[in-house]
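Engineer: Kindly return the folded structure for what I paste below:
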Amino acid sequence: MYKMALQKKDFIEIEFVARVKDGEVFDSNLKEELEKLHQGHNHKVETKPFTFCLGEGMFLKGVDEFLIGKELGEHKINLGPEKAFGKRDPKLIRIVPLNEFKKNDLNPIPGSVFNFDGKVAKILTVSSGRVIVDFNHPLAGKNVEYNVNILRKVEDLNEKINSLNGFFFQNDFPFKIDGKRLIVEIPKGTKQFVELFKDKYKDILDLEIIGKEIEDKPKNKVEAKEEKSDQE
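Structural biologist: Down below sits the predicted model:
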């Protein structure tokens, strides 16, 4: 059987396990691995194969680049820091006054992790009213390895659209295809956000994405009555 190498803009479905070199798993979409990662948590672990478009920044760049030109099946990928999560940068270790935490009712403890305006940071030390905070990525400076199993090349256009919608919008918006137009039903007030990705959809799928804002559906009498009962 003739095998074809994967190319940029091909959509593929994969299962993967990512671990620090010779160390612990830090990411996966396999149920048994995710259950180990979430031991002690009370939420149910749900997994599914991951579909993405090669060469479009939808997966870790070093893995993405490696898979272009490869065939379906299993691949082991070893990445140094420069191809993974970057080298550690001493400039990203900063001193933050303890008062900044107290103003927000936060208690910094060494080893704890906080979100500073979208940037994840780890507390290193707390002393004399000063907190030393590390803004490096938790895996910066680490060698990592990915075991990737490419299950199939995705050909179905609807699957491709769902993959992009999930990645860009974190949502499975209803949609329909009308010729070269992709009409996506979106919440009121989000049209400008969808238009930010028009060039991406055109480049990858050769479709013009159009956001169709949908009004919230009015509650019918049964729904309204049930809601009232719950409140009582």
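Engineer: Setting the sequence-adjacent residues aside, check what's closest to residue 138.
Structural biologist: residue 122 (6.8 Å; Cβ to Cβ, 6 or more residues apart in numbering). Quick note: C-beta positions are derived from backbone N, CA and C, even for glycine.
Engineer: Run a quick check on that neighbour versus residue 108, I expect a contact.
Structural biologist: No - under the criterion of Cβ atoms under 8 Å, residue 122 is not in contact with residue 108, lying 10.1 Å apart.
Engineer: list the residues that contact both of the two?
Structural biologist: residue 133 (Cβ atoms under 8 Å, 6 or more residues apart in numbering).
Engineer: from memory residue 18 sits against residue 28, does it?
Structural biologist: Yes - using Cβ under 8 Å, residue 18 is in contact with residue 28, at 6.4 Å.
Engineer: mind checking the longest helix of this structure?
Structural biologist: Using DSSP state H, we find that the single longest helix of the chain is helix 157-169.
Engineer: Quick one: residues in contact with that helix.
Structural biologist: Helix 157-169 has contacts (Cβ under 8 Å, 6+ apart) with 11, 51-53, 58, 154, 171-173, 175, 177, 182, 184, 186, 193-194, 197, 200-201, 204-205, 207.
Engineer: Stretch 71-90 too?
Structural biologist: Under the criterion Cβ under 8 Å, 6+ apart, residues 3-6, 21, 60-63, 65-67, 136-153 lie in contact with stretch 71-90.
Engineer: could you flag which of those residues are buried?
Structural biologist: Buried residues within the contacts of stretch 71-90, counting neighbours by 16 or more other Cβ atoms under 10 Å: 6, 60, 62-63, 65-67, 136-137, 139-140, 142, 144-148, 150.
Engineer: Identify those among the contacts of helix 157-169 that sit within helices.
Structural biologist: Filtering the contacts of helix 157-169 for helices - DSSP H - leaves 193-194, 200-201, 204-205.
Engineer: one step back: just the buried residues of the contacts of helix 157-169.
Structural biologist: For the contacts of helix 157-169, a burial check counting by 16+ other Cβ under 10 Å picks out 11, 51-53, 58, 154, 173, 175, 182, 184, 186, 194, 197, 200-201, 204-205, 207.
Engineer: Kindly report the domain assignment for this structure.
Structural biologist: Domains of the chain are assigned by automatic domain parsing as 1-87+140-154, 90-134, 156-232.
Engineer: among the ones you listed, which is the most enclosed?
Structural biologist: Scoring the domains of the chain by mean neighbour count under mean count of other Cβ atoms under 10 Å gives domain 1-87+140-154 as the most buried, with a mean of 15.
Engineer: Contact partners for residue 11?
Structural biologist: Shown in contact with residue 11 (Cβ under 8 Å, 6+ apart): 51-54, 153-155, 159-160, 163.
Engineer: those helices in this protein, which residues are they?
Structural biologist: Under DSSP H, the chain gives helices at 31-37, 61-67, 98-102, 157-169, 191-195, 198-205, 221-231.
Engineer: Dump those helices into CSV; add mean pLDDT and distance to residue 117 as well.
Structural biologist: Output for the helices of the chain, formatted as CSV (pLDDT from 0 to 100; distance: least, Cβ to Cβ, whole Å):
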stretch, mean pLDDT, distance to residue 117
helix 31-37, 88, 26
helix 61-67, 96, 24
helix 98-102, 90, 12
helix 157-169, 96, 22
helix 191-195, 92, 20
helix 198-205, 97, 26
helix 221-231, 50, 36
